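Chemist: Can you look at this prediction? I've put the sequence above it.
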Amino acid sequence: MNSVKHLLDSISSAEALRLLSTEELPRLAQELRDFIIDIVATKEGHLGASLGVVELTIALHYIFDTPADKLIWDVGHQAYGHKILTGRKEIFNTNRQSGGISGFPKMAESEFDAFGTGHSSTSISAILGMAIASNLKGNDQKQHIAVIGDAAIASGMAFEGLNHAGVTDANILIILNDNAIGIDPSVGALKKYLTNVKKGTAKDENIFECLNFAYSGPFDGHDLDSLLSELERQKNLRGPRVMHVITTKGKGLRQAEENQVTYHAPGKFDKATGELQPKSTGNLPPKYQDVFGHTIVELARENEKIVGITPAMPTGSSLKYMMAEIPEHAFDVGIAEQHAVTMAAGMAAEGLIPFCNIYSTFLQRAYDQVIHDVALQKLPVIFCLDRAGLVGQDGATHHGVYDLAFLRCIPDLVIFAPMNEIELRNIMYTAQLGLTHPIAIRYPRGRGVLPEWRTPFEKIAMGSAQELKRGTRIAILTVGHIGNMISTLLEEMHQPEQIGHFNMRFIKPLDAQKLKAIFRSYEFIVTIENGCKIGGFGSAVLEFANDLNIGRPIKIFGIDDRFIEHGTTEELQEIAEIGKLNVKEYLTSVLNVT
């Protein structure tokens, strides 16, 4: 075993790291970088962000007394090196796998994870709260450090934290990890300002000093000597400070440096060459996000009022196609979900037709705007909620399982879940024909079911459901892509003639006439949704039945009142008891008993 390998093997905690000499740290950095590449190449995960902060991670744990000193990573994409150096190296190969460690910092996982950071821009508020708590407890010598990216610091919440922290005496160090990219390239005026700072062309006044922070930098984030020297100096300072660090996302892997968007989370790749493993697409169905991306371009070519908006996810949402072909009608507003929603409202108020594409889990960050700025004013914003339902290995912070519940209670808001690509395409077409109220269209991560999906547009009647299969005793009511799982299950089961299947697709408004007919014709009602059980689609059907004084038993398959962790989508559906085997077991029991 060579000495470099042995060096990382000897680090089981931050305390062990601090026993090394400073001369040994560059060797440790190389080994840590190699270890991250080795694991992510085969296990997948977030690569570029963690490679970019290897030296910074080592320097922080070397200089500061973690976990007594509090360290928050914002966003948690960049925390792999942190996890490996703080006692999780031997189990890092379980990262993002069911039963393994989380891909993000998680308080329940380690005392070194001071705060959970799956969503961005929360670190400054959290670290300020911790610093104030330390002061109130009489421990003003404790250090409080937040590492935040240049894309994350442009978010409104981060500015709120900066605005407050600057008028306190809290002992906090904000490290700005400036690499000009989040998941996609950073955007906005702050990015331009930071670029000018790096080039030495910024105006004399420093934005952070104007907010009452002591500013230092910019520093080379890959120069361990300068990082160690400055962090040692910062350790002896007090009050709110900003340390500006320049890093390269993907540092140490040429392909990751050159193609930072792809190598943010590249999937499996050759660890020696960096080449991505080819993925056989063949005649596979498209991803739902690409159906959205291509369809909005097709619609916008015919309707000049259409605009597209995304908060920092042009690649993940596939709005990138519109940004490339009709750039003046496509807007990446940065990590600013509240702004995205209210800007869409402003556009709708002026007669435009905004498609506001936000991941379901991130729409949670703009809930007030959906109610106050859109629905209350009956503005026809078209929300396209990508990554709805269980999303897999990103885990609890990213599952889009609450949207049905938190949107269903909002007056005048239509909610639609397409079962396949054609339904997504047609509801997008329908929505831009002249709605007088907002609509939310939710669809999952991943591929649909129809390789041949580019069919002529057809209008969908609002609040209309479809009978997919007629039965005699049990009616299964599904919403969204999960209905395809039920269609497959019914093809596999015996006695299928007893089971009917209905694609309800509209969660709000429900198809009242169809439901009344179902209640008249079937003994047992089953609802299935890829979302939380409380307040979701099944709850809506149950409420409807109660209003009609229907005595039919209604079984709701949805996610129970608990957080679901990480794993493959199939694993998590079984864990949440909404998978094919769970449904089959219930149906079999009903058929056999009755």
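Modeler: Cool, got the structure.

Chemist: can we go C-alpha only for contacts and neighbour counts from here?
Modeler: Will do.

Chemist: Thought residue 467 was touching residue 511, still the case?
Modeler: No - judged on C-alpha atoms under 8 Å, residue 511 makes no contact with residue 467 at a distance of 11.4 Å.

Chemist: To which secondary structure element is residue 531 assigned?
Modeler: strand 524-532 (DSSP states H and E).

Chemist: wait, I meant residue 71
Modeler: strand 70-74.

Chemist: elements contacting the helix or strand that that strand is followed by?
Modeler: Following strand 70-74 in sequence order, the next helix or strand is helix 80-83 (DSSP H and E). Using 3 or more C-alpha pairs under 8 Å, 6 or more residues apart in numbering; DSSP states H and E, the elements in contact with helix 80-83 are helix 25-43, helix 48-52, helix 54-63.

Chemist: and among the ones you listed, the most buried is which?
Modeler: helix 48-52 (a mean of 28; mean count of other C-alpha atoms under 10 Å).

Chemist: got the contact list for it?
Modeler: 33, 36, 77-81, 247-252, 256-257, 260, 263-265 (C-alpha atoms under 8 Å, 6 or more residues apart in numbering).

Chemist: What segments of the stretch 151-300 of the chain are helices?
Modeler: 156-165, 189-199, 207-210, 224-235, 254-258, 288-302 (DSSP state H, counting those that start in this stretch).

Chemist: Going by neighbour count, which residues of the last one are buried?
Modeler: Looking back up the chat, that one is helix 288-302. Using 16 or more other C-alpha atoms under 10 Å as the test for burial, helix 288-302 gives 288-297, 299-300.

Chemist: now the fifth one
Modeler: Of all the residues in helix 254-258, those buried under the rule 16+ other C-alpha under 10 Å are 255-257.

Chemist: in the stretch 201-350 of the chain, which ranges drop under the pLDDT threshold?
Modeler: For the stretch 201-350 of the chain, the stretches with pLDDT under 70 are 280-281.

Chemist: how's the protein carved up into domains?
Modeler: Split into domains by automatic domain parsing, the chain comes to 3-253, 288-442, 466-593.

Chemist: And stretch 383-401, end to end?
Modeler: One end of stretch 383-401 sits 16 Å from the other (C-alpha to C-alpha, to the nearest Å).

Chemist: err, stretch 40-59, not the other one
Modeler: 23 Å.

Chemist: all numbers from here: first residue = 56
Modeler: Right, with 56 as the first residue, what we last looked at is stretch 95-114.

Chemist: how about the residue positioned nearest the centre of the chain, secondary structure?
Modeler: Using C-alpha atoms, centre = their mean, the residue of the chain that lies closest to the mean C-alpha position is residue 453, 4.4 Å off. Three-state call for residue 453 (DSSP: H, G, I helix; E, B strand; the rest coil): coil.

Chemist: From residue 441, how far out is the closest residue to it other than its chain neighbours?
Modeler: Excluding the flanking residues, the one nearest residue 453 by C-alpha to C-alpha, 6 or more residues apart in numbering is residue 416, at 5.6 Å. Between residue 416 and residue 441 the computed distance is 9 Å (C-alpha to C-alpha).

Chemist: who's more crowded, these two?
Modeler: residue 441 (26 against 22; other C-alpha atoms under 10 Å).

Chemist: Tell me which residues touch the more buried one, please.
Modeler: 344, 372, 412-415, 497-500.

Chemist: Measure how buried residue 257 is and give me the count.
Modeler: Residues near residue 257, counting by other C-alpha under 10 Å: 15.

Chemist: so it sits right up against residue 251, yeah?
Modeler: Yes - shown here, residue 257 and residue 251 form a contact pair, counting by C-alpha under 8 Å, at 4.7 Å.

Chemist: Now secondary structure and distance to residue 293 too, for the contacts of residue 441, in CSV please.
Modeler: What follows is the contacts of residue 441, written out as CSV (DSSP: H, G, I helix; E, B strand; the rest coil; distance: C-alpha to C-alpha, whole Å):
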residue, secondary structure, distance to residue 293
344, helix, 47
372, helix, 42
412, strand, 42
413, strand, 39
414, strand, 39
415, helix, 40
497, strand, 47
498, coil, 48
499, coil, 47
500, coil, 45
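
Chemist: would you turn those residues into CSV with distance to residue 640?
Modeler: Listed next are those as CSV, based on distance: C-alpha to C-alpha, whole Å:
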residue, distance to residue 640
344, 32
372, 36
412, 37
413, 35
414, 32
415, 30
497, 28
498, 26
499, 25
500, 26
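
Chemist: most neighbours, which of these?
Modeler: residue 412 (31 neighbours).

Chemist: does that one have beta-bridge partners, and which?
Modeler: Note on residue 412: beta-bridge partners residue 439, judged by DSSP bridges.

Chemist: Give the residue spans of the protein that score low on pLDDT.
Modeler: Across the chain (using pLDDT under 70), the flagged ranges come out as 56-60, 335-336, 550, 648-649.

Chemist: so residue 569 is in which element?
Modeler: Going by DSSP H and E, residue 569 is part of helix 567-576.

Chemist: buried ones in that helix?
Modeler: Buried-residue list, helix 567-576, by 16+ other C-alpha under 10 Å: 569-570, 573-574.

Chemist: now what about stretch 395-405, what contacts it?
Modeler: With C-alpha under 8 Å, 6+ apart, stretch 395-405 has contacts from 364-366, 388, 408-411, 421, 424-425, 428-429, 434-436.

Chemist: For residue 252, which non-adjacent residue is closest in space?
Modeler: In space, residue 252 is closest to residue 273, 7.8 Å off (C-alpha to C-alpha, 6+ apart).

Chemist: Now for that neighbour: which residues touch it?
Modeler: Neighbour list for residue 273: 252-253, 298-301 [criterion: C-alpha under 8 Å, 6+ apart].

Chemist: most neighbours, which of the residues you listed?
Modeler: Result: residue 300 is most packed of the contacts of residue 273 (other C-alpha under 10 Å), 24 neighbours.

Chemist: Could you give the bridge partners of that one?
Modeler: Beta-bridge partners of residue 300, as defined by DSSP bridges: residue 232, residue 274.

Chemist: what about stretch 525-533, start to end distance?
Modeler: First residue to last in stretch 525-533 (C-alpha to C-alpha) measures 14 Å.

Chemist: Could you do stretch 559-566 as well?
Modeler: 7 Å.

Chemist: Figure out how far that stretch is from the centre of its chain.
Modeler: 26 Å (C-alpha atoms, centre = their mean, to the nearest Å).

Chemist: for stretch 365-381, same thing?
Modeler: 16 Å.

Chemist: same check, this time on stretch 126-140
Modeler: 17 Å.
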